[in-house]
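> What follows is a predicted structure for the sequence shown.
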Amino acid sequence: TDPALDVKPKIRLKILLACLFTCMIGYSQSTFSVKYNPSIQQKTNMQYFKPSGDLFVGDCIPFFHEGTYYLYWLLDSAHHAALNGLGGHQWTVSTTKDLKNWKHHPIALGIDEEWEKSICTGSVVYANKKFYAFYATRLINSEGNVNEQLSYAISNDGIQFTKQKPNPFYTSAPGYSKRDFRDPKVIVDTDGLFHLLGSSKKEVVV
C-alpha cells in the first residue's frame, strides 16, 4: 500500500493522544474544593455549631483584635478522609463582637495548589498593621513521603489571607520528624521580633 494513505489516520491519532494528555494534566492540577456557603450557616449558639452538609469543624484558633473576636477553624470534609486521608483542611473564620451574634465568612486560607494536601492548624498575630497567619502545610515530597512544612499568609482585615513566598518557608530541623511538624505558635515581642514555636518529635533511627 501507499504510505501516503496512512498520513491522515496517524495525524488524527496524534491529535487524540494530545487531547487526552491535556485533559489528564488539567485534571491532575485541579485544586481541592468543598461546597461551603457561609450565608446559610447558623449565626448563634456557636457552642454546638456544625457547618451544613458533610462538613465538620476541626481545630479552632481563637484571636482577638480591637473589639472583634476571630474564631478561625479548620473546615473538615468527611472527618479527615479527604485527599486520601491527608485531610484537605482549609481555614475558615467566624467573627463576633459580643460572643452571641456571629458572622461566618468565606474560606480565609484555602487549598490553591495541587501539592497542598491540608492547611493545618497554626496561629494568628497582628503586627505592622496586618494580620499574620502561620500554619503547617501537609504535602507529599519528591520521595513520595508525607511531610509537614511551615507556611505563612498575610491579611489586611483578618478575613482573607494571601500566602507568602517562599511557600513553605521552613521545614523541621535535622534529627526531628518531618512527618509530624506542625501547630506553629508565633509571638511578637515589644521590639517587633517574631518568635516561632513548632511542635515535632525526634526521629526514630531504625
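Here it is on my side, so go on. Numbers count the residues shown, from 1 in each chain.

> Could you use CA atoms for every contact and neighbour count after this?
OK.

> Geometrically speaking, which residue is the centre of the protein?
Centroid check for the chain by C-alpha atoms, centre = their mean gives Ile119 as the closest residue, at 2.5 Å.

> check which helix or strand covers that residue.
strand 118-127 (DSSP states H and E).

> In terms of secondary structure, what does that strand contact?
strand 55-65, strand 90-96, strand 130-140, strand 182-188 (3 or more C-alpha pairs under 8 Å, 6 or more residues apart in numbering; DSSP states H and E).

> Paired strands for the first one, with orientation please.
Strand 55-65 has these partner strands in its sheet, going by DSSP bridges: strand 68-77 (antiparallel).

> Give me the mean pLDDT for the partner strand.
The pLDDT scores in strand 68-77 average 97.

> Determine how far that strand lies from the middle of the whole chain.
12 Å (C-alpha atoms, centre = their mean, to the nearest Å).

> thought Pro106 was touching Val93?
Yes. Assessed by C-alpha atoms under 8 Å, Pro106 is found in contact with Val93 at 7.4 Å.

> Would you mind telling me which of these two has the busier surroundings?
Each of Pro106 and Val93 has its neighbours counted (other C-alpha atoms under 10 Å); Val93 has more, 24 against 16.

> that older thread, what's opposite the residue nearest to the centre of the chain in the beta bridge?
Beta-bridge pairing for Ile119 (DSSP bridges): Thr137.

> State the pLDDT value of it.
Predicted confidence (pLDDT) for Ile119: 97.

> Could you do Asp54 as well?
Reported pLDDT for Asp54: 89.

> One more: Ser123?
98.

> With Tyr48 instead?
87.

> Tell me, how many residues neighbour it?
The burial count for Tyr48: 6, using other C-alpha under 10 Å.

> now it: how far from Val57?
Distance of Tyr48 to Val57, computed by C-alpha to C-alpha, to the nearest Å: 10 Å.

> pLDDT below threshold where in this protein?
For the chain, applying pLDDT under 70 flags the ranges 1-31, 206.

> let's see it at 90
1-35, 42-48, 53-54, 78-79, 203-206 (pLDDT under 90).

> still on that earlier bit, turn the helices and strands packed on strand 118-127 into CSV, including distance to Ala82.
Output for those, formatted as CSV (distance: least, C-alpha to C-alpha, whole Å):
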stretch, distance to Ala82
strand 55-65, 11
strand 90-96, 11
strand 130-140, 12
strand 182-188, 19
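
> just so I know, which of these lies nearest Asn167?
Asn167 sits nearest to strand 130-140 of all the helices and strands packed on strand 118-127, at 9.0 Å, using C-alpha to C-alpha.

> Sort out which residues of the helix or strand just after the closest one are buried, please.
The element immediately downstream of strand 130-140 (helix or strand, assigned by DSSP H and E) is strand 146-155. Buried positions in strand 146-155, judged by neighbour count with 16 or more other C-alpha atoms under 10 Å: 147-155.

> out of the helices and strands packed on strand 118-127, nearest to Lys202?
That would be strand 182-188 among those, by C-alpha to C-alpha, at 13.6 Å.

> tilt between the next helix or strand after that closest one and strand 146-155?
Downstream of strand 182-188, the next assigned helix or strand under DSSP H and E is strand 194-199. If you take axes from the mean of the first three to the mean of the last three C-alpha atoms, to 10 degrees, strand 194-199 sits at 150 degrees to strand 146-155.
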